[in-house]
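Engineer: sequence first, predicted coordinates after that:
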Amino acid sequence: MSLLPNSFRALVIGSSGTIGSAFMDLLKATPACTELVGIHRNSEFPIDYQNPESIESCATALYRAAPFQLIINTIGVLHTDKWTPEKRLDDLNAEQLMELMTVNAIGPALTIRHFSKLLDPANSILVTLSAKVGSIEDNRLGGWYSYRTSKAALNMLVKTTSIEWARTKPNTALIAMHPGTVNSRLSKPFRGEQIGRPADQAAAEIFSVIEKLQKEDTGSFLTYSGEKIPW
Ligand SMILES: NC(=O)c1ccc[n+]([C@@H]2O[C@H](COP(=O)([O-])OP(=O)(O)OC[C@H]3O[C@@H](n4cnc5c(N)ncnc54)[C@H](OP(=O)(O)O)[C@@H]3O)[C@@H](O)[C@H]2O)c1
């Protein structure tokens with residue numbers, strides 16, 4: 001049985017981003033979504049992964065808007081003004097690795113921890129956007145050391161939490177989701193405009209997967225078309 005009820009309240013984390021904004025638009029146009037909240041670094045209750053305390057305070061501030069049946073976290077970083085993905089081992093450096101771990105793994109993990117209190121214990125879904133390049137088994141090309149490593153760490157944090165939640169939150173599905181290549185700020189320097197599809201299409205595809213999720217799917221690493229990716 002599908003976990004997403006006919007009428008649900010949704011929270012989009014990273015609603016300022018390309019995929020995050022597309023989810024906001026899609027959910028606004030979805031009649032079953034009766035309440036919609038979007039948060040980001042500059043929202044009323046800010047969430048900034050460079051400031052881990054903001055994660056708990058943002059969750060606390062949103063407590064009165066809970067419970068949510070759907071939380072989607074889209075926050076992530078591939079490149080910054082300072083860093084581009086490493087092509088070779090000689091490009092690897094502690095600062096870049098730490099920054100990507102902070103934003104792509106530690107922030108989302110603490111979000112799962114603190115925002116879990118906002119999930120409806122009766123039926124809810126928490127999707128966190130990962131990336132196929134975070135799959136260890138699927139790594140054929142190498143490179144992109146920090147991004148791959150941070151998403152692989154995120155995947156482990158999702159899997160580990162899902163095992164605990166099978167006991168403590170048996171009606172919640174926790175999913176690591178690969179959105180596919182999307183034309184966005186993140187993919188722009190890597191031919192995203194040419195090889196990526198529009199964010200509204202990606203959000204619609206991911207939402208069709210979300211609508212079919214069952215509690216048994218918890219702890220999965222899925223593509224936007226619902227296939228399992230090897231960890
Ligand atoms: N686009 C793709 O092809 C692709 C492929 C695979 C996986 N993904 C994953 O999909 C997710 C969304 O990507 P996107 O393409 O929508 O990228 P995007 O347009 O660059 O959006 C990234 C989001 O992350 C937020 N963010 C970045 N650093 C942050 C920090 N320190 N604290 C809080 N928020 C921060 C941004 O906030 P600001 O608006 O404040 O900067 C923005 O909301 C990411 O997790 C990415 O790894 C994307």
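Structural biologist: Right, received. Where do you want to start?
Engineer: contacts, neighbours, all on C-alpha from now
Structural biologist: Fine.
Engineer: is there proximity between the helix or strand containing residue 148 and the ligand?
Structural biologist: Assigned by DSSP states H and E, residue 148 belongs to helix 145-168. No. With Cα under 6 Å from any ligand atom as the criterion, the ligand is not reached by helix 145-168; the gap is at least 7.7 Å.
Engineer: flag every buried residue along that helix.
Structural biologist: Within helix 145-168, the residues that count as buried by 16 or more other Cα atoms under 10 Å are 145-159, 161-162, 165-166.
Engineer: with stretch 14-28 instead?
Structural biologist: Those would be 14-24, 26-28, for stretch 14-28 by 16+ other Cα under 10 Å.
Engineer: which SS class is residue 128?
Structural biologist: Assigned with DSSP: H, G, I helix; E, B strand; the rest coil, residue 128 falls in the strand class.
Engineer: contact partners for it?
Structural biologist: 72, 73, 74, 108, 174, 175, 176, 177 (Cα atoms under 8 Å, 6 or more residues apart in numbering).
Engineer: measure it to residue 210 for me?
Structural biologist: 12 Å (Cα to Cα, to the nearest Å).
Engineer: check contacts around residue 131.
Structural biologist: 151, 177, 178, 179, 180.
Engineer: try 10 Å this time
Structural biologist: By Cα atoms under 10 Å, 6 or more residues apart in numbering, the contact list for residue 131 reads 76, 147-148, 150-152, 154-155, 176-181, 221-223, 229.
Engineer: over to residue 16?
Structural biologist: Residues near residue 16 by Cα under 10 Å, 6+ apart: 22, 24, 38, 39, 40, 41, 42, 43, 74, 75.
Engineer: what about the lowest-mean-pLDDT helix or strand in the chain and the ligand, any contact?
Structural biologist: Ranking every helix and strand in the chain by mean pLDDT, DSSP states H and E puts helix 192-195 at the bottom, with a mean of 86. No. Residues of helix 192-195 contacting the ligand under Cα under 6 Å from any ligand atom: none, with a closest distance of 6.6 Å.
Engineer: equivalent analysis for stretch 119-137, please.
Structural biologist: Yes. Stretch 119-137 lies within reach of the ligand by Cα under 6 Å from any ligand atom, at 129, 130, 131.
Engineer: how about JSON lines for the residues you listed, with distance to residue 201 and pLDDT added?
Structural biologist: Compiled in JSON lines, those are given as follows (distance: Cα to Cα, whole Å; pLDDT from 0 to 100):
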{"residue": "129", "distance to residue 201": "16", "pLDDT": "98"}
{"residue": "130", "distance to residue 201": "18", "pLDDT": "98"}
{"residue": "131", "distance to residue 201": "17", "pLDDT": "98"}
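Engineer: pretty sure residue 72 belongs to a helix, no?
Structural biologist: No. Read with three-state DSSP, residue 72 is strand and lies in no helix.
Engineer: now do the same contact list for it.
Structural biologist: Taking Cα under 10 Å, 6+ apart, we find residue 72 in contact with 10-15, 20, 23, 38, 125-129, 175, 177, 210.
Engineer: select from these every entry located in helices.
Structural biologist: 20, 23, 210 (DSSP state H).
Engineer: who in the chain is up against the ligand?
Structural biologist: Residues of the chain lying near the ligand (Cα under 6 Å from any ligand atom): 14-20, 40-41, 47-50, 74-77, 103, 129-131, 178-187.
Engineer: looking at the residues you listed, which are in strands?
Structural biologist: Within these, residues falling in strands by DSSP state E are 129, 178.
Engineer: list the contacts of the stretch of helix or strand residue 99 belongs to.
Structural biologist: For residue 99, the element it lies in under DSSP H and E is helix 94-101. Contact with helix 94-101 is made by 49-50, 76-80, 82-86, 102, 104-108, 145-154, as judged by Cα under 10 Å, 6+ apart.
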